[in-house]
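Student: Please work out how this folds:
(one chain, ligands or ions: 1)
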Amino acid sequence: MNKLKNDTFLRALLRQPTEHTPIWLMRQAGRYLPEYCETRRRAGNFMNLCKNPRMACEVTLQPLARYDLDAAILFSDILTVPDAMGLGLYFAEGEGPKFERPLREEWEIRNLAAPDPGVELRYVMDAVAEIRRALDNSVPLIGFSGSPFTLACYMIEGGASDDFRTIKSMLYDRPDLLHHVLAVNAEAVTAYLNAQIECGAQAVMIFDTWGGTLSQRAYKEFSLAYMQRIVEGLTREHGGARIPSIVFTKGGGQWLEDITSIGCDAVGLDWTTDIGAARRRVGDKVALQGNLDPMTLFAQPDKIAQEACAILDAFGPGSGHVFNLGHGISQFTPPEHVAALVNAVHEHSRKLRQT
Ligand code: CP3
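Tutor: Model prediction:
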């Protein structure tokens, strides 16, 4: 196996020393980049882009050509899994993701089955392999999936929701049905992430975008327990290398100790948590990833640098920090502001290591 030229991201996830704090950005390949919009136009729509491994590879590499990022993330979407379960994913212009056949009836839920990632999600596996080849061991490739609960939100609501009325009604009135959906999702996600690892993903991240909308008790029972099941079933090593896992619950700052206890290597933080206080709470159990407010990128470059430095200073000396935004980058972000952020994180974190 060839050695990575830049493995700072993987080392930071394992809390090993690095020369600088590695940085990547959630949704780093996306609509804020004109070259992404151009490739998407050629693909016709977003799902065609996801389903074409050559084009998925092309957009994955676009942010790395522009910026000195320390990791690449597979270009795909969390909703490819329920799509492979037969729910019929589509993107209505300006409305976000939708399902043609959301899960509503008990019989539909009882019939739900985990897809075979090597068959229904072959196009994702082909993209992972193609991206790994194209990266040529420059930086590591992150694979990802949605959390069982976050996937269930879209599967049951049928799309985005303001209040999660349908899934929460099920959670309180028919917890048995929701538990069944979550168990199938957990099985599907475990197989899906392990297949990505098999095809070349060097770290994996679970996106729990909506777990933070739950009550504390419901979070543990309906979101965290299923992420724990996945983490326990993940391939820990591949080709002689450790495959670190990252768990990110948006709005999960108050449950940090609980998240830390499920066995993941790193925990993602949104921007509402003080990363210094978070570090004191998790101790040496996990690495932390985050946590700049994505809207900071609309400020002037010197202000962006100042805010980034404040996060690095709050984390403090020593290893175990991967810099990121606290959520996905906005499509309206000026691309040149991203360069200011990446450079500030690298420069300031190098300086911190010299003092
Ligand atoms: O980070 C990356 O660059 C990798 C690619 C990636 C996408 N989606 C591409 C995408 C990743 C990791 C995701 C995860 C994802 N998808 C999540 C979890 C993270 C989060 O943002 O909370 C969720 C909830 C989804 C579901 C989803 N997909 C939504 C709600 C939308 C619409 C968002 C919007 O801004 O319109 C998508 C579409 C999507 N996924 C886009 C991209 C680049 C925009 C699609 C386009 O080109 O029109």
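Student: packing partners for the helix or strand of the chain with the lowest mean pLDDT?
Tutor: Every helix and strand in the chain was compared by mean pLDDT, DSSP states H and E; the lowest is strand 89-92, with a mean of 91. Packing partners of strand 89-92 (3 or more C-beta pairs under 8 Å, 6 or more residues apart in numbering; DSSP states H and E): helix 46-51, strand 96-99. Placement of C-beta: from N, CA and C, glycine included.
Student: pLDDT weak spots in the stretch 251-355 of the chain?
Tutor: The stretch 251-355 of the chain contains no residues with pLDDT under 70.
Student: can you map out the strands along it?
Tutor: 266-268, 287-292, 321-325 (DSSP state E, counting those that start in this stretch).
Student: Of those strands, flag the one that's most buried.
Tutor: strand 321-325 (a mean of 28; mean count of other C-beta atoms under 10 Å).
Student: which residues sit against it?
Tutor: Outside strand 321-325, the residues within contact range by C-beta atoms under 8 Å, 6 or more residues apart in numbering are 9, 12-13, 21-26, 246, 266, 268, 271, 275, 287-294, 297, 308, 311-312, 315, 345, 349.
Student: hang on, the earlier thing: dump the strands of the stretch 251-355 of the chain into CSV; add distance to the ligand as well.
Tutor: Below are the strands of the stretch 251-355 of the chain laid out as CSV (distance: least, C-beta to the nearest ligand atom, whole Å):
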stretch, distance to the ligand
strand 266-268, 10
strand 287-292, 13
strand 321-325, 10
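Student: Report the contact partners of Glu35.
Tutor: Residues near Glu35 by C-beta under 8 Å, 6+ apart: Gln62.
Student: Dihedrals phi and psi, it?
Tutor: Backbone torsions of Glu35, given as degrees, to the nearest 10, read phi -70, psi -30.
Student: Can you name the residue of the stretch 251-355 of the chain nearest to the ligand?
Tutor: Gly328 (4.0 Å; C-beta to the nearest ligand atom).
Student: tally of neighbours for Gln254?
Tutor: 12 (other C-beta atoms under 10 Å).
Student: scratch that, Ser76 is what I was asking about
Tutor: Number of residues near Ser76 (other C-beta under 10 Å) recorded here: 22.
Student: Show me what from the stretch 51-200 of the chain comes close to the ligand.
Tutor: Ile73, Phe75, Asp77, Ile78, Leu79, Gly96, Pro97, Phe144, Ala160 (C-beta under 6 Å from any ligand atom).
Student: contact partners of stretch 42-58?
Tutor: So stretch 42-58 is in contact with 39-40, 59, 74-77, 80, 89-91, 123-124, 126-127, 129-131, 134, going by C-beta under 8 Å, 6+ apart.
Student: ranges for the strands of the stretch 101-250 of the chain?
Tutor: Assigned by DSSP E, counting those that start in this stretch, the stretch 101-250 of the chain shows strands spanning 141-146, 203-208, 237-238, 241-242, 245-249.
Student: on that earlier part again, to Lys168, which of the helices and strands packed on strand 89-92 lies closest?
Tutor: strand 96-99 (17.8 Å; C-beta to C-beta).
Student: What's the separation between the residue lying closest to Leu341 once chain neighbours are set aside and Arg15?
Tutor: Excluding the flanking residues, the one nearest Leu341 by C-beta to C-beta, 6 or more residues apart in numbering is Ile304, at 5.3 Å. Distance of Ile304 to Arg15, computed by C-beta to C-beta, to the nearest Å: 27 Å.
Student: Please apply the same query to Gly159.
Tutor: 39 Å.
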